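Chemist: What follows is a predicted structure for the sequence shown.
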There are 2 protein chains.
Amino acid sequence: MNRDLVEGRTVAKNPKATIADVARLAGVSTATAGRVLGRYGYTKEETRSHVLEAARKLGYRTNALARSLITGKTRTIGVVAGDIQNPFYASILRGIADVVENREFGLLIINSDESLEKEIRAVDLLREKQVDGIIVSPCDTRDSRHLRDLHAEGLPLVLLDRTVAGLDVDRVAINNIDAAERAVAALIAAGHRRIGLVGELLEGAGDDLEAFVRRALSGNVLSTDTLYPSWQRLLGYLRAHQRAGLDVDLSLICRVGAYSAARAVAAALPLISRADRPTAVFATDGTMSEGVVRAIAQSALRMPEDLSIVCFDDLDWMDFVAPGISTMAQPRLAMGEAAATMLLERIDGSDHPARAIEMQAEFISRGSISTPGQTIGGQTRGKKP
Amino acid sequence: MNRDLVEGRTVAKNPKATIADVARLAGVSTATAGRVLGRYGYTKEETRSHVLEAARKLGYRTNALARSLITGKTRTIGVVAGDIQNPFYASILRGIADVVENREFGLLIINSDESLEKEIRAVDLLREKQVDGIIVSPCDTRDSRHLRDLHAEGLPLVLLDRTVAGLDVDRVAINNIDAAERAVAALIAAGHRRIGLVGELLEGAGDDLEAFVRRALSGNVLSTDTLYPSWQRLLGYLRAHQRAGLDVDLSLICRVGAYSAARAVAAALPLISRADRPTAVFATDGTMSEGVVRAIAQSALRMPEDLSIVCFDDLDWMDFVAPGISTMAQPRLAMGEAAATMLLERIDGSDHPARAIEMQAEFISRGSISTPGQTIGGQTRGKKP
DNA sequence: CTGAAAGCGCTTACAG
DNA sequence: CTGAAAGCGCTTACAG
């Protein structure tokens, strides 16, 4: 408190000046000072300017904490992302930040590293800090009491990229099955018949890849909605094969088991080094894409002459890594914007039923797909010099 | 308030339960309940368990707002970064997040887009939210009243990557002059004599590139500390030339004037297309590096046969874009960690004099440097097929 | 339009 | 070790 302040005299700016200090200097009640400083209620213009002048003199800054304690609103949202360093999340976060900053909201960001335990702690922390709403890319599509509770208690929640079984809340994602199918169809259209897949495919979809594929092929996959994206994209891969009347070779499906480019390299290398290697590979997301391209760079294979690829997510480097990477691009920025916009609407009080926004993925055709067995530069399946 | 709660009966969990509710149910005072729930002061073990039990029954969660209002600490720090989507900032942010999450602090992130106006608003917002400290990568090395005020008022502040004139606070950065000199020296050592530079070089260093270079060459650059990184790296470029007794060709220095890969492409294309083009190019940061590599990909030049390059920052793609990009790598993650660690130390009360942590940049030699005029594959300065 | 009073949900001295 | 009271810095009814 600044009890040493004297009206009428020039006083040193004090960042800790409070509404009471301003009121005293302006000769009004704290209620009135609060009204002009907090921009609520009515104030006579003259009073207003006195208060403002006093606030200026004291270097008054409002303490959002005190305000929030009363209003119950913090004008801050929280987001728990897998890894802010991953371009997928970095772009989404940027989209979120853009809409949030426009509304002068704060943005609290926490990494989950795809760990349920960390996600739960993140959500806890965000709640303690009384955020007005939360955007999460849930790392577990089933075990989600923390999210269910959130929603049950009325805290606005938006799910990004992934869905949670039985949790009917706003969400934004692309149609992963369809997008993957279109990506793989591009390969098939070019004549490929043996197409590899490199995907995270973490546990969660029944754990047994072979059984999953068998079920999928016979049209028996229940609740595709709550599958992880990589499993949904596997479904798209299978569907593209079925549509084209192609058999699926299980040994061509690489289950990396982790969100790691390095692990993807390790998984892709054997696949593309086999004698009966596929003529093309589909990578199920940006991280897997980086792994596959890295594996090819480490091998002696030429792209696309020896191996065609189609990736997922349009990363910075995909248009200048020769021969240009054909890929299924998700509108990452727009996904973040959409999620934030939905969340803010909820925070503003909208109470329509939960909506699922399906964003459009766009296939970008560049140079990484060629016809298998095609002869280029005088040799087929040749080695680099 | 949950006035409808009845002691002894099973009550529905209420996320809005307050310490008063818990105290009532446990039959103790709010002071006592507060002591066990807030983990401060002493409590008899028996009392403790009663309170805990009551809290559990009610689903009590502490309201950090109320606590912060009293303690004056929010256990939240703010960081204003240029663009969280940029890999440079994304990694730094990850480093910051890692140490901050360990201490269970919150992390408020805002983009400045290198605009002073946005930076000022960001800092304002963070202060309103009463963060315990701020990390900023200031977009203006001079006009910085907002940062000066912050520091004068005792709010912990750490500067990242850039320095502000006359603001003696903790900071972390690499030695940009030295790092750039080493990078360019690698080119000179390989025999290059005409080396281009592509850098942001925004206004701020006196605005006149030619005059700056002339001054630098005659050893007259005052306060190199508060230069923007790209200007410091230009200094390193010049110094490498001087050390080698090489003349500097001003026309080889490309001033992009913006933090934009697209703008860098536009600036680099004419440079590398000239008849008397340089035999090598040095890019002053990740964004410029992407621009240069992109420009080369768009040109008919082969790398490194027709043009050698050395980049700055080790981005994901640099080790798999053929022929592998030689670059000066900043320890981005560690820079973020160091900044956060310093900030938390200050928050913990440390009051030693301001420290400047100089991180080590590491040159990574890959395939993008060759000897100029070298004959590879039977032709020199040839075109791609 | 303005002020006195209460209160948001906690923590902090201060007694006991 | 525990409780009654005050208070953090605001906003919110409620009078006037």
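Modeler: Received the coordinates, thanks.

Chemist: Now do the domain split for chain A, please.
Modeler: A:19-62, A:71-174+A:333-359, A:176-329 (automatic domain parsing).

Chemist: show me where pLDDT drops low in chain A?
Modeler: Counting by pLDDT under 70, the ranges of chain A that qualify are A:1-15, A:204-207, A:374-385.

Chemist: so which of the domains of chain A gets nearest B:Thr71?
Modeler: domain A:71-174+A:333-359 (13.6 Å; CB to CB). Using the backbone N, CA and C atoms, a C-beta is placed for each residue, glycine as well.

Chemist: And the closest residue to A:Ala33 other than its chain neighbours, how far from A:Met342?
Modeler: Distances taken as CB to CB, 6 or more residues apart in numbering or on different chains place A:Ala23 nearest to A:Ala33, at 3.8 Å, with adjacent residues excluded. To A:Met342, A:Ala23 is 40 Å away according to CB to CB, to the nearest Å.

Chemist: Next: A:Arg355.
Modeler: 7 Å.

Chemist: Of those two, which one has the most company?
Modeler: Set A:Arg355 next to A:Met342 and count neighbours by other CB atoms under 10 Å in any protein chain shown: A:Met342 wins out with 25 against 14.

Chemist: So which elements touch the helix or strand that contains A:Ser289?
Modeler: Assessed by DSSP states H and E, A:Ser289 sits inside helix A:286-298. Here helix A:286-298 touches helix A:87-102, strand A:195-199, helix A:261-273, strand A:280-283, strand A:308-312, going by 3 or more CB pairs under 8 Å, 6 or more residues apart in numbering or on different chains; DSSP states H and E.

Chemist: in it, what counts as buried?
Modeler: For helix A:286-298, the neighbour count (16 or more other CB atoms under 10 Å in any protein chain shown) marks A:286-297 as buried.

Chemist: same question, stretch A:91-101
Modeler: Those buried within stretch A:91-101 under the rule 16+ other CB under 10 Å are A:91-97, A:99-101.

Chemist: Serialize these to TSV and add fields for distance to A:Leu209.
Modeler: Putting the buried residues of stretch A:91-101 into TSV (distance: CB to CB, whole Å) gives the following:
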residue	distance to A:Leu209
A:Ser91	30
A:Ile92	28
A:Leu93	32
A:Arg94	35
A:Gly95	33
A:Ile96	34
A:Ala97	37
A:Val99	39
A:Val100	39
A:Glu101	43
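
Chemist: Closest one of those residues to chain B?
Modeler: A:Arg94 (4.1 Å; CB to the nearest CB).

Chemist: show me what contacts the closest one?
Modeler: A:333, A:336, B:83-85, B:111 (CB atoms under 8 Å, 6 or more residues apart in numbering or on different chains).

Chemist: before we move on, what about A:Asp143?
Modeler: By CB under 8 Å, 6+ apart, the neighbours of A:Asp143 are A:Leu116.

Chemist: Next one: it relative to DNA strand D, how far apart?
Modeler: Distance, A:Asp143 to DNA strand D, by CB to the nearest atom of the strand, to the nearest Å: 37 Å.

Chemist: before we move on, what about A:Ala283?
Modeler: A:Ala283 sits 51 Å away from DNA strand D, going by CB to the nearest atom of the strand.

Chemist: Could you report the neighbour count for A:Ile174?
Modeler: Using other CB under 10 Å, A:Ile174 has 24 other residues around it.

Chemist: hey, what's it bridged with?
Modeler: Judged by DSSP bridges, the bridge partners of A:Ile174 are A:Met359.

Chemist: if I pick it, what's in contact with it?
Modeler: With contact set as CB under 8 Å, 6+ apart, A:Ile174 has these partners: A:330-331, A:335, A:358-361.

Chemist: Who wins on neighbours among these?
Modeler: Of the contacts of A:Ile174, with other CB under 10 Å as the count, A:Gln330 tops at 26 neighbours.

Chemist: Which residues of the stretch 51-200 of chain A lie near chain B?
Modeler: A:61-66, A:68-69, A:74, A:76, A:83-85, A:87, A:90-91, A:93-94, A:97-98, A:101, A:104, A:106-111, A:124-130, A:149, A:153 (CB under 8 Å from any CB of the partner chain).

Chemist: still on that earlier bit, got the contacts of A:Ile174 as a markdown table, with distance to DNA strand D columns?
Modeler: Shown next, in a markdown table, are the contacts of A:Ile174 (distance: CB to the nearest atom of the strand, whole Å):
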| residue | distance to DNA strand D |
| --- | --- |
| A:Gln330 | 40 |
| A:Pro331 | 38 |
| A:Met335 | 34 |
| A:Glu358 | 37 |
| A:Met359 | 36 |
| A:Gln360 | 41 |
| A:Ala361 | 43 |
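
Chemist: wait, which of those residues is closest to A:Leu222?
Modeler: Distance to A:Leu222 across these (CB to CB) is lowest for A:Glu358, with 20.1 Å.

Chemist: Excluding residues flanking it in the chain, which one is nearest that closest one?
Modeler: Sequence neighbours aside, A:Asn175 is the residue nearest to A:Glu358 in space, at 5.5 Å (criterion: CB to CB, 6+ apart).

Chemist: is it true that the one you found touches A:Ala361?
Modeler: Yes - counting by CB atoms under 8 Å, A:Asn175 touches A:Ala361, with 7.3 Å between them.

Chemist: mind listing the strands for chain A?
Modeler: A:76-81, A:106-111, A:133-136, A:157-160, A:170-174, A:195-199, A:253-255, A:280-283, A:308-312, A:326-329, A:356-359, A:362-364 (DSSP state E).

Chemist: With respect to burial, which of those scores highest?
Modeler: When you average the neighbours per residue for each of these (mean count of other CB atoms under 10 Å in any protein chain shown), strand A:280-283 leads with a mean of 30.

Chemist: which bits of the stretch 201-350 of chain A sit near chain B?
Modeler: Residues of the stretch 201-350 of chain A lying near chain B (CB under 8 Å from any CB): A:261, A:290, A:293-294, A:297-298, A:315-317, A:319-322.

Chemist: The same query, at a cut-off of 6 Å, please.
Modeler: With CB under 6 Å from any CB of the partner chain as the criterion, the stretch 201-350 of chain A meets chain B at residues A:293-294, A:297, A:317, A:320-321.

Chemist: Can I get stretch A:48-67 as CSV, trimmed to CA atoms?
Modeler: Extracted in CSV, the C-alpha atoms of stretch A:48-67 (Å, rounded to 0.1, in the frame of the first residue of the first chain):
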residue,chain,number,x,y,z
ARG,A,48,-13.5,9.6,-15.1
SER,A,49,-10.8,12.0,-16.2
HIS,A,50,-9.8,12.6,-12.6
VAL,A,51,-9.4,8.9,-11.9
LEU,A,52,-7.5,8.4,-15.1
GLU,A,53,-5.2,11.2,-14.3
ALA,A,54,-4.6,9.8,-10.8
ALA,A,55,-4.0,6.3,-12.3
ARG,A,56,-1.5,7.8,-14.8
LYS,A,57,0.4,9.6,-12.0
LEU,A,58,0.7,6.5,-10.0
GLY,A,59,1.5,4.2,-12.8
TYR,A,60,-1.5,2.1,-11.9
ARG,A,61,-1.8,-1.3,-13.5
THR,A,62,-4.7,-3.6,-12.9
ASN,A,63,-4.1,-6.8,-11.1
ALA,A,64,-5.9,-9.4,-13.2
LEU,A,65,-5.7,-11.9,-10.4
ALA,A,66,-8.0,-9.9,-8.1
ARG,A,67,-10.4,-9.3,-10.9
